[in-house]
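>>> sequence first, then the predicted structure:
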Amino acid sequence: MEDSNNSKLRKKHSTVSSMVNMLEWMVTALILALTFRAFVVEAYKIPTGSMAPTLRGDHFEIACPECGYEYDHVFPMGKIRNMDLYHVNTSPKCPNCGHYCQRPILPKSGGDRILVFKCGYHFSDPKRWDVFVFKNPTEPRINYIKRVIGRPGEKVEIVDGDIFINDRIARKPKKVQNELWMEIYNNDFQPVDTKGNFNYHDWKQPFINLADSHWNLKTGNNKTFTLDSDKINTIKYDTSIGNDFRATYAYNPIGWNKKMPFCSDLKVEYEVSIDSETSIFGAKIQKYGREYIATVDSAKKTISLSKKTDGKITELEKFNIDQIPLKKPIAFKFAIVDHMLVLDFGPYKDKKFDLGDKRDDLGKKQDRVEPEVKIFGSGKIALKHISLWRDIYYMSHDLRDGSIVRAGESNPFTLGKDEFFACGDNSPGSADSRLWNYRGMGNNGESFPIGVVPRKYLVGKAFYVYWPSGYKISLNPKFAKGILKLPLIPNISKMRLIYGGK
C-alpha cells in the first residue's frame, strides 16, 4: 500500500514538474521573442502608398481589360458592394496602353507586410537609398517608412527629379536602380479591341517610321518589328499616340497626370536577332536637346556610345565584342540615368560613360522640351519584347500650388548633425521631408528642425517583403465568414528583398 502511494506521489510530482518546465520554456520563448522583436527584427504593415510602387499600402490590383497589363491603383474610400467589393472612385489609366477603365468594381488588396532590421542603425548610419522606418517627427507615436536621401552635414537639392548632394549628383546603386525603373510601354501587351478610349483616341502602334524608313511594324500582331535594308532605318516612339514621358504613376489619381513634369532619364529595351553579319542596330535617347546614341556594329564587332549636338556626332566610348551569332535572340538595353549612359548587350554588361556629375554637365535643363526615344538599324533584323522605362522622379515643387519644396531646385537644404532627409518613392503622393510644415516633437520640450528625421527617431532598415498583399480564400460573402475574410494566401511571386544603399 505504501509503495502504491509513493508511486502516485512520484507520478504527481513528475506531472507538476513537467508542467513547470513547460511553463518555464514558454516564458523563456516569449521573452526571447519579445526581445527579438524589440531589438532585432520586427514586422510592419505598409499603411499608405507613399512608397508605391516599391511598397504598397491598401490598393486595387488591376489587369487592364484591353491589353492585360497588370498594375496597382491607390485604394480611396469607395462605395462598398457585398462587403468585399469596392467602386474605384476614379477611372484608372493603364500605364501601358493608356486605356481608361471606367470605375471598375474590385476587391481591395491589403498593404505589403515587411520585415525591419532594428539594431543595425545602432552600429552604423543609414546608407543613402536605404528604405527605413522612423518615428514621424511631427507625430512620434506614428511610424513612417521612406527612403534615405540626405545624411548628416550634407546639402540636399532636387534638380529635374535627381538628387544632388553637395552640388554633385547622387547615383543609385544598380540593384536600387533596377527596383526604381517604371515601365512606360511594353509592346508585348496590346489591346484586343483597338476602338475605345486610349489616351482619348483609338489605339494605334505608338512606334512610327520616320521619313524614308521602312520597318515592318505589323509582323506578328505588331509584337515583332522586322527590317531588311542596306540603309539605316529609324522608328520613333510617338507620345501623341502612346503614353507620354511625364513622371506619372498608375497608382495615383489620374487628375494629377497633367501636372507632372517630363522625365528624361529613360531606358529602352528589346531582344534582337540578326540574319546578316553586316547588320547595325541601336537606340537613341534625346535629353535637353542632345541625342545620345548606343550602336552595335556586327561587321566591325564593336559597341559604341556617342552623342549628337547641333548635328555633330561625337564618339564617347567604344568596346570590342565577339562576332554576333546569327538568328539568335540577344538582349539589348540602353539608358541615360543619373548623368550616365549605360549599355547592356548580351554578355557585355554595364558599359558606361560618365556625362559629368554637376547639374549643368548635360547642358541647360529644358523643362518643357519632351525627350525622344528612337530605334534604328540596317541589314536583316528582328526585334521582340520592346519596352520603354523611366527613372523615379523626385518632385521639387508642390503639386497643390506649384511652390518650390524644401530642398527643391534653387532651394537647397543643409542637414545638421544627427539629421536625415527622407523622401517617398511615390514623390507626388508622399508627405516627407520636402513638405513637413512643423518642427519635430521631442521629450521635455525638445524640438527638431522642420524637415529632418533626427537620429534618435530611427527605427530600422526595411529589408524584406514577406507578405505582399495577401489574397482572400473567397470573395463571395455567403462563404467568406470569420477567418475566411482574412487575406490568408500570400502573393508568393512578389516576396522579395528590399534593396538600399551599398
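In hand now; what should we look at?

>>> what is the neighbour count of the closest residue to Gln205 other than its chain neighbours?
Nearest residue to Gln205, sequence neighbours excluded (CB to CB, 6 or more residues apart in numbering): Asn222, at 5.1 Å. For glycine as for every other residue, the C-beta is placed from the backbone atoms N, C-alpha and C. By other CB atoms under 10 Å, 16 other residues sit near Asn222.

>>> what of Ile142?
9.

>>> still on that earlier bit, so who does the residue nearest to Gln205 touch?
Contact analysis of Asn222 by CB atoms under 8 Å, 6 or more residues apart in numbering lists 187, 190, 205.

>>> low-confidence ranges in the stretch 201-350 of the chain?
Residues of the stretch 201-350 of the chain meeting the criterion pLDDT under 70: 219-221.

>>> phi, psi of Asn257?
Main-chain torsions, Asn257, degrees, to the nearest 10: phi -60, psi -40.

>>> roughly how far apart are it and Leu399?
Per CB to CB, to the nearest Å, Asn257 is found 11 Å from Leu399.

>>> tell me the contacts of the residue nearest the centre of the chain?
For the chain, the residue whose C-alpha lies nearest the mean C-alpha position (CA atoms, centre = their mean) is Leu180; its distance is 3.2 Å. If you count contacts by CB under 8 Å, 6+ apart, Leu180 has them with 54, 172, 391-392, 425.

>>> ok, which pair from these is furthest apart?
Pairwise distances across these peak at 13.2 Å for Thr54 and Asp391 (criterion: CB to CB).

>>> the stretch 51-200 of the chain: helices as residue ranges?
Taking DSSP state H, counting those that start in this stretch as the criterion, the stretch 51-200 of the chain carries its helices at 174-180.

>>> where does pLDDT dip in it?
For the stretch 51-200 of the chain, the stretches flagged by pLDDT under 70 are 77-84, 89.

>>> run the last query once more with 90
Within the stretch 51-200 of the chain, the ranges that satisfy pLDDT under 90 run 58-61, 74-92, 100-111, 119-120, 122-124, 192-197, 199-200.

>>> out of the contacts of Leu180, give me the one that has the most neighbours.
Neighbour count (other CB under 10 Å) singles out Ile392 as the most crowded of those, with 25 neighbours.

>>> send me the longest strand that the chain contains as PDB with only the CA atoms.
For the chain, the longest strand by residue count, based on DSSP state E, is strand 372-390. Written as PDB, here are the backbone C-alpha positions of strand 372-390 (Å, rounded to 0.1, in the frame of the first residue of the first chain):
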ATOM      1  CA  GLU A 372      12.600  61.400 -77.500                       C
ATOM      2  CA  VAL A 373      13.300  57.700 -78.000                       C
ATOM      3  CA  LYS A 374      14.300  56.100 -81.300                       C
ATOM      4  CA  ILE A 375      15.400  52.700 -82.500                       C
ATOM      5  CA  PHE A 376      17.500  52.300 -85.700                       C
ATOM      6  CA  GLY A 377      19.000  49.500 -87.700                       C
ATOM      7  CA  SER A 378      20.200  48.200 -91.100                       C
ATOM      8  CA  GLY A 379      20.500  44.700 -92.500                       C
ATOM      9  CA  LYS A 380      18.100  41.800 -91.800                       C
ATOM     10  CA  ILE A 381      16.900  42.400 -88.200                       C
ATOM     11  CA  ALA A 382      14.000  41.300 -86.000                       C
ATOM     12  CA  LEU A 383      13.100  43.000 -82.700                       C
ATOM     13  CA  LYS A 384      10.900  41.500 -80.000                       C
ATOM     14  CA  HIS A 385       9.900  42.300 -76.400                       C
ATOM     15  CA  ILE A 386      10.300  46.100 -76.900                       C
ATOM     16  CA  SER A 387       9.800  48.200 -73.800                       C
ATOM     17  CA  LEU A 388      10.400  51.800 -72.600                       C
ATOM     18  CA  TRP A 389      11.100  52.800 -69.000                       C
ATOM     19  CA  ARG A 390      11.600  55.900 -66.900                       C
END
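
>>> buried residues in it?
Residues of strand 372-390 classed as buried by neighbour count (16 or more other CB atoms under 10 Å): 372-390.

>>> residue ranges of each domain in this protein, please.
113-173+401-464, 182-390 (automatic domain parsing).

>>> turn the ones you listed into a markdown table, including distance to His73.
Output for those, formatted as a markdown table (distance: least, CB to CB, whole Å):
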| stretch | distance to His73 |
| --- | --- |
| domain 113-173+401-464 | 12 |
| domain 182-390 | 6 |
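
>>> among these, which is nearest Ser91?
Taking those one by one with CB to CB, domain 182-390 is closest: 6.7 Å.

>>> quote the end-to-end distance of that closest one.
5 Å (CA to CA, to the nearest Å).

>>> distance from that domain to the middle of the chain?
Distance of domain 182-390 from the chain centroid (CA atoms, centre = their mean, to the nearest Å) equals 20 Å.

>>> now name the helix or strand holding Thr48.
Thr48 belongs to no helix or strand when assigned by DSSP states H and E.

>>> quick one: contacts for the residue lying closest to it once chain neighbours are set aside?
Nearest residue to Thr48, sequence neighbours excluded (CB to CB, 6+ apart): Gly57, at 4.3 Å. Contacts here follow CB under 8 Å, 6+ apart; on that basis Gly57 touches 46-50, 74-75, 111-112.

>>> can you check Glu370 too?
Shown in contact with Glu370 (CB under 8 Å, 6+ apart): 239, 244-245, 262.

>>> fine by me, we can end here.
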